[in-house]
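**Student:** Need the 3D shape of this:
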Amino acid sequence: MAGNAEHNTELGIPAEEHGAGFPPFDATTYSSQLLWLAITFGFFYWIMKNVAVPRIAGILEDRRDRIAGDLGEANRLKDETDAAIAAYEQALAEARNKAHGIASDTRAKLKADQEARREKAEADIAEKLKAAEAHIAGIKTEALSQIGDIAGDTTSALVEQLMGKAPTKTELTKALKSAMN
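**Tutor:** From the prediction side, this is the model:
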């Protein structure tokens, strides 16, 4: 085996039988290879420029438009949500203020009602107290008026028991007056 140009060292085939080496490296076909390379490159360049790139650009434009539309919609919905939240917060604040007002009014009414009941109860108690005091004063006056008679009867009974003889009415009255003063 003399060399690579004459024999294929791996298979042992002479160079004349297999085309004298790898065709792209054959110097006699460089010009036709370069021509076909330029034609193929030009053809693929034209396809990319006129078909693929416009389609990709259209897809990118559609995406950009869709994203911009989605962002616009998201901003619109965010603004609506913010407005709804603000309205909710305001309605909640108004409801709280109204509830506080109702609670204050109710407390004031209950306090006034309780005060009126207390005053009425105090007036009833004062009236009953006056009536009771008048009744007690009447009983006291009646009892005091009867004390003289009771004291006279008791004294007369004691004197009669002690002395054996009942005192006269005048003596009894005189003795009671001197004892009370």
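**Student:** quick check, distance from the helix or strand encompassing residue 156 to the centre of its chain.
**Tutor:** Using DSSP states H and E, residue 156 falls within helix 53-163. Helix 53-163 has its average C-alpha position 24 Å from the chain's average C-alpha position, going by C-alpha atoms, centre = their mean, to the nearest Å.
**Student:** Do me a favour and average the pLDDT over it.
**Tutor:** Helix 53-163 comes out with an average pLDDT of 91.
**Student:** now do stretch 32-48
**Tutor:** Taken as a whole, stretch 32-48 has an average pLDDT of 94.
**Student:** For the helix or strand that comes right after the helix holding residue 156, which outside residues touch it?
**Tutor:** Once helix 53-163 ends, the next helix or strand along the chain (criterion: DSSP H and E) is helix 169-180. The set of residues that contact helix 169-180 without belonging to it, under C-beta atoms under 8 Å, 6 or more residues apart in numbering, is 148, 151-152, 155-156, 167. For every residue, glycine as well, the C-beta is placed using N, CA and C.
**Student:** could you give the angle of helix 169-180 to helix 53-163?
**Tutor:** Following axes from the mean of the first three to the mean of the last three C-alpha atoms, to 10 degrees, one obtains 130 degrees for the angle between helix 169-180 and helix 53-163.
**Student:** And helix 169-180, what's buried?
**Tutor:** 172, 175-176 (16 or more other C-beta atoms under 10 Å).
**Student:** Please identify which of these is nearest to residue 30.
**Tutor:** residue 176 (169.8 Å; C-beta to C-beta).
**Student:** so residue 47 sits in a helix?
**Tutor:** Yes: residue assignment for residue 47, taken from DSSP: H, G, I helix; E, B strand; the rest coil, places it within a helix.
**Student:** do you know how far it is from residue 34?
**Tutor:** According to C-beta to C-beta, to the nearest Å, residue 47 and residue 34 sit 20 Å apart.
**Student:** Take the contacts of helix 169-180 and lay them out in a markdown table including distance to residue 140.
**Tutor:** Output for those, formatted as a markdown table (distance: C-beta to C-beta, whole Å):
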| residue | distance to residue 140 |
| --- | --- |
| 148 | 14 |
| 151 | 16 |
| 152 | 19 |
| 155 | 22 |
| 156 | 24 |
| 167 | 28 |
